[in-house]
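**Student:** Following is a predicted model, sequence given first.
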Amino acid sequence: MKKILSVLAIILAPYFIVACSSDSKEDTIPEEPQMTLADYQGVWEDIHNDTAFISISANGEVLYYKQNGVMGRGIGILADNTISITNEYTGSRDELKIEPTINGLRVYGKVGSKTNKGNYTPVWELRKTDETFVNSFAGEVWSWGWTNMCPYFKDGLTQNRYMFTSNNVCTLSYHNNKHGDYIGESYFYIPRKYKNRGCNLNCVKACS
């Protein structure tokens with residue numbers, strides 16, 4: 001009898017080992033893949049106002065604009081579905097919380113103010129565009145129109161010009177065909193190549 005029991009124990013042992021091994025595999029929960037800024041790379045525009053947008057580059061640069069004064073740019077760090085950015089415009093530590101939707105992204109912002117205490121809390125409802133990411137218009141000069149009613153000159157024709165002196169600052173100047181240039185105010189700008197057809201400039205006075 002003892003011999004029979006010993007034989008049964010030897011025969012059944014592999015089955016217990018296999019069963020235990022199988023159970024441990026079923027209990028293992030695979031980790032969810034961690035998203036990176038590269039997963040959100042591109043230009044995203046607001047479905048309710050297509051001049052509002054968030055742009056993210058391959059190297060983590062983030063540009064964002066909601067409305068005049070509610071904007072920023074800087075290098076982003078993504079953690080727990082929230083992008084943290086030191087805003088080059090306000091100097092504040094901004095946050096953009098990302099929530100995937102069926103059609104794109106919903107982003108809840110905490111954006112510092114240049115002139116007011118506290119933060120703005122904009123919300124973007126975003127869809128991805130086929131636009132090309134741009135981070136600067138530096139070196140470009142935009143000009144438009146001629147008028148004889150410029151307050152800085154008594155006569156002649158005057159043309160308005162934006163001169164982009166860096167990645168984030170441009171100067172509005174007035175070129176007169178008789179008297180040369182009058183240099184106006186400087187502005188902080190957020191660049192975007194709108195619809196890949198032309199450039200869209202979102203800016204506020206740099207001194208504000």
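**Tutor:** Now that the structure is in, tell me what you want to look at. Numbering: from 1, shown residues only.

**Student:** For the protein, which segments are assigned as helices?
**Tutor:** Here the chain has its helices, by DSSP state H, at 2-27.

**Student:** neighbouring strands for the longest strand belonging to the chain, and are they parallel or not?
**Tutor:** Longest strand of the chain, by residue count under DSSP state E: strand 180-194. Here strand 180-194 is paired, per DSSP bridges, with strand 169-176 (antiparallel), strand 198-205 (antiparallel).

**Student:** quick one: contacts of the first one?
**Tutor:** Translated: strand 169-176. Identification of contacts with strand 169-176 by CB atoms under 8 Å, 6 or more residues apart in numbering yields 137, 143, 150, 152-153, 156-165, 181-189, 201, 203, 206. From N, CA and C alone the C-beta is placed, and that goes for glycine too.

**Student:** Give me the mean pLDDT for it.
**Tutor:** Averaged across strand 169-176, the pLDDT comes to 92.

**Student:** Name the residues of it that are buried.
**Tutor:** 170, 172-176 (16 or more other CB atoms under 10 Å).

**Student:** how distant is it from the center of its chain?
**Tutor:** Relative to the centre of its chain, strand 169-176 is centred 27 Å away, using CA atoms, centre = their mean, to the nearest Å.

**Student:** ok so, going back, I'd like the buried residues of strand 169-176 laid out as a markdown table, including distance to I98.
**Tutor:** Compiled in a markdown table, these are given as follows (distance: CB to CB, whole Å):
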| residue | distance to I98 |
| --- | --- |
| C170 | 30 |
| L172 | 35 |
| S173 | 39 |
| Y174 | 42 |
| H175 | 44 |
| N176 | 48 |
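
**Student:** Below-threshold pLDDT in this protein: ranges please.
**Tutor:** Scanning the chain for pLDDT under 70 picks out 1-33, 196-208.

**Student:** can you give me the strands for it?
**Tutor:** Counting by DSSP E, the strands of the chain are 42-46, 53-56, 61-67, 70-79, 82-86, 93-100, 105-112, 119-120, 123-128, 141-147, 158-164, 169-176, 180-194, 198-205.
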